[in-house]
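[1] Got a sequence here, can you model it:
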Amino acid sequence: MHISRMLPVCLLAGLLMVLAGCSGGGNSLAGSGTVSGSVLLPGEAMIRDGGDMTVGIDGTELATRPAADGSFRLTGVPPGTQTLYVISGDGYLARSVVAIVEEGRETNVGNLELVNAGWIAGMITSTATGQPIAGARVTVINDLAAEAVAILPCPIRVTNTAADGTYTVRGLPEGAYAVTIEKRDFAPVSLVIDVFAGRTTLGDAALTPISLLEGSMAGTVYSITDSGETTPLAGALVCLSPLGDFIPGPMPVETRPGEMPPASRVYYTFSDTNGWYQLDGVPAGDYLAIAQRPGFDPDSYEVTIGDATIAQDFKLRPHPIEIGVVVGTVTDNETGLPIAGALISAVNDPTPVDTTMNTGSVVGPDGDIYRMYAVTDEQGYYELKAPVSVNAIGARASGYQPQTQPVVIIPEGTVTVDFTLAPATDERFTLSGRVGTKSEDGTIVPVADATVYAAPYSTDPTIMMPVIIYSAQTDAEGYYKMLLPAWGTYRVYAVKGNLQSEQVTITMLGDVVRNFQLRPLVGL
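    Predicted coordinates for the structure are as follows:
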């Protein structure tokens, strides 16, 4: 199944920050660091004899196999924000996380539990000639389809098309991905594509040639103290976005029928070890120039690009973040026994968070918030660092109902928050209905072999919803039926080919009947 829709590829400052240090992310930084950790199979089982696994840094030749106990260590990693990937031999188990790498230091990413994964593969051609385009850059960023991405770095995969215009990205955990294709002298294109476990999803696209007057912008990015002292700042993102196009915190835009989303005109690079950057090949026009890096306040200016090189420096001021520690235990409210492997989630607002501060396994963006994780040990104990802006944390464990607790973080202090989880109910209700589409004469006709998806959903950001998607196929008359756990809330929609319905939120307080109308996806 190929589920995709056009996405305005305005890769703005927030989104582009995740590219720092990744393939295609600009200049390499001098020196190197080390990344280490361990690989676990689904269910936190240890791999044996290293498994048929590859661990690597995306966009580099750095790769290794885990040791017999699942541990790995990669040396010679360029400093900056890097994407670390783990992929099984068949590409259908994988995990990707962000590693903040510093020169001369070791970054331990902890235990990486593999999840079910699939592939994206496609061919890139020219709209003018129909011929394949070699050397086009394909950027894949996960989980952009459902929610917007805030400015915290998230895993990114980058590759280039081969001589025949084809590309393949293996080992992508199930979910929605923004796939952006770029090539000099062509207008970029971006799609949102759903990836399913054990399957390859098509990601074909056609690029339109462009011919514009071009100029350049160059300068130095500095770190500035309160006293006014400046030092060159390496690894800062510098990007140009046409005035009027810039939106802080990029998000997929659902276009109206018949409307095409705007093409991306954002240009970006990264400062080198001397803080120097240069952007070439920028079409003439008025732009917002912005430089930023995690842990610093951004600096921006309005500039005009002509047919020459303009000079523009940036000064970024560090911003401290007050941090505290939350500890506690998670137990069964009936037996009082500890619950191992429970997931603890702390949520922060859109204030940037230093990803190196967390003691949990992962820090990542989720919509316009930052989510931090911790996992309980065999005694049900957890420990999590979090900024003082966090006011609630949640707990979830397999077979239990999730729970949220308020919390007040004490700067450089420790607070205790315990959870007692109630066992989940086995009761289920039926979701059923009919899927149709509008014919040329305006009547609704049933659609056979459409797929209806239902995914657990919560408006409480501290609750980590399980990565489960229920589905059902329609019969010859367009009818479908599925059983869903009672009392839960779900995001539900129907798909067939390039047809998709609107997404609706349904709470299963009893049996529910819901019909869906399929419409063409814009941009296909």
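[2] show me where the stretch 51-200 of the chain has strands.
    53-57, 63-64, 71-77, 80-88, 93-101, 106-113, 115-126, 137-142, 156-160, 166-173, 175-182, 186-187, 189-195, 200-202 (DSSP state E, counting those that start in this stretch).
[3] and residue 434, which of those is closest to it?
    strand 189-195 (22.7 Å; CB to CB). Every residue, glycine included, has its C-beta placed from N, CA and C.
[4] From the chain's centre, how far out is that closest one? Work that out for me.
    How far strand 189-195 lies from its chain's middle: 12 Å, per CA atoms, centre = their mean, to the nearest Å.
[5] Equivalent analysis for stretch 336-344, please.
    Distance, centroid of stretch 336-344 to centroid of chain: 27 Å (CA atoms, centre = their mean).
[6] Which positions in that stretch come out as buried?
    Judged by neighbour count (16 or more other CB atoms under 10 Å), stretch 336-344 contains these buried residues: 338-339, 342-344.
[7] Make TSV out of these and add secondary structure, pLDDT and distance to residue 326.
    Shown next, in TSV, are those (DSSP: H, G, I helix; E, B strand; the rest coil; pLDDT from 0 to 100; distance: CB to CB, whole Å):
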residue	secondary structure	pLDDT	distance to residue 326
338	strand	96	17
339	coil	94	17
342	coil	87	14
343	strand	82	14
344	strand	85	8
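[8] Which members of those residues are the farthest-apart pair?
    The most widely separated members of those, counting by CB to CB, are 338 and 343 (14.5 Å).
[9] If you average pLDDT per helix and strand, which one of the protein comes out bottom?
    helix 13-16 (a mean of 33; mean pLDDT, DSSP states H and E).
[10] Closest one of the buried residues of stretch 336-344 to residue 52?
    Nearest to residue 52 out of these is residue 343 (CB to CB; 27.4 Å).
[11] roughly how far apart are the closest one and residue 163?
    The gap separating residue 343 from residue 163 is 45 Å, by CB to CB, to the nearest Å.
[12] what's the answer for residue 474, then?
    Counting by CB to CB - residue 474 and residue 163 are separated by 42 Å.
[13] Mind telling me what element the closest residue in space to residue 513 that isn't next to it in sequence is part of?
    The spatial neighbour of residue 513 that comes closest, neighbours along the chain excluded (CB to CB, 6 or more residues apart in numbering), is residue 433 at 5.2 Å. Using DSSP states H and E, residue 433 maps to strand 428-438.
[14] Show me what the mean pLDDT comes to for that strand.
    Average pLDDT, strand 428-438: 92.
[15] Over to stretch 471-484?
    Per-residue scores along stretch 471-484 average to 93.
[16] Stretch 197-216 now?
    Rounded mean pLDDT across stretch 197-216 is 83.
[17] Put the alpha carbons of it into PDB.
    Output of stretch 197-216 as PDB, limited to C-alpha atoms (Å, rounded to 0.1, in the frame of the first residue of the first chain):
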ATOM      1  CA  ALA A 197       6.200  -3.500   9.100                       C
ATOM      2  CA  GLY A 198       7.700  -6.100   6.700                       C
ATOM      3  CA  ARG A 199       6.700  -4.100   3.600                       C
ATOM      4  CA  THR A 200       8.200  -1.700   1.100                       C
ATOM      5  CA  THR A 201       6.300   1.500   0.400                       C
ATOM      6  CA  LEU A 202       6.700   3.400  -2.900                       C
ATOM      7  CA  GLY A 203       8.000   6.900  -2.800                       C
ATOM      8  CA  ASP A 204       8.200   8.000  -6.500                       C
ATOM      9  CA  ALA A 205       8.400  11.700  -7.300                       C
ATOM     10  CA  ALA A 206       9.000  14.000 -10.200                       C
ATOM     11  CA  LEU A 207      11.000  17.300  -9.900                       C
ATOM     12  CA  THR A 208      10.400  20.400 -11.900                       C
ATOM     13  CA  PRO A 209      13.400  22.300 -13.300                       C
ATOM     14  CA  ILE A 210      13.900  25.900 -12.200                       C
ATOM     15  CA  SER A 211      15.900  28.700 -13.700                       C
ATOM     16  CA  LEU A 212      16.400  31.800 -11.500                       C
ATOM     17  CA  LEU A 213      18.900  34.600 -10.800                       C
ATOM     18  CA  GLU A 214      21.100  33.300  -7.900                       C
ATOM     19  CA  GLY A 215      23.300  34.900  -5.200                       C
ATOM     20  CA  SER A 216      25.100  33.800  -2.000                       C
END
